[in-house]
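Undergrad: Here's my sequence, what's the structure:
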Amino acid sequence: MNANDRIALTIGRLVMQVEAQAEALEQQANNEAKANASPRLDEALVDRTYIPERQRKNEMFDTAPGRHDELPA
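TA: Next up is the predicted model:
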C-alpha cells in the first residue's frame, strides 16, 4: 500500500466518523424537537385559545343582565 492509498483510506475513515457524528446529532435534534412539540401544542391550544376564551365567557356570564336577580321559586 502506497502513501496515496493510506491517505485515501484515512480520509475515508474520517468521512465515515463525521457522518456518524452528524447522524447522531441529527437524531438528538429530532428527539428534542419531538419532546418540545407536545408542550408547544399545549401552549398554543390551551394557553393562547382555550383559557382566554373561557375567561371571556365567564366574564360575559358574570356581567350578564339579570345575572344577580332572584329567580322565581
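Undergrad: now the helices for the chain?
TA: 3-42, 51-62 (DSSP state H).
Undergrad: Spatially central residue for the chain, please.
TA: Nearest residue to the geometric centre of the chain (C-alpha atoms, centre = their mean): residue 37, 2.3 Å.
Undergrad: Pass me the low-pLDDT residue ranges in the chain, would you?
TA: Where the chain drops to pLDDT under 70, the residues are 71, 73.
Undergrad: Mind doing that once more with 90?
TA: Residues of the chain meeting the criterion pLDDT under 90: 1-9, 11-12, 14-15, 17-50, 61-73.
Undergrad: want to throw the helices of the chain into TSV with distance to residue 70?
TA: From N, CA and C alone the C-beta is placed, and that goes for glycine too. TSV is the format used below for the helices of the chain (distance: least, C-beta to C-beta, whole Å):
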stretch	distance to residue 70
helix 3-42	41
helix 51-62	17
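Undergrad: Ok, which of these comes nearest residue 72?
TA: helix 51-62 (20.3 Å; C-beta to C-beta).
Undergrad: where's residue 9 relative to residue 23, distance?
TA: 21 Å (C-beta to C-beta, to the nearest Å).
Undergrad: With residue 6 instead?
TA: Residue 6 is 26 Å from residue 23, by C-beta to C-beta.
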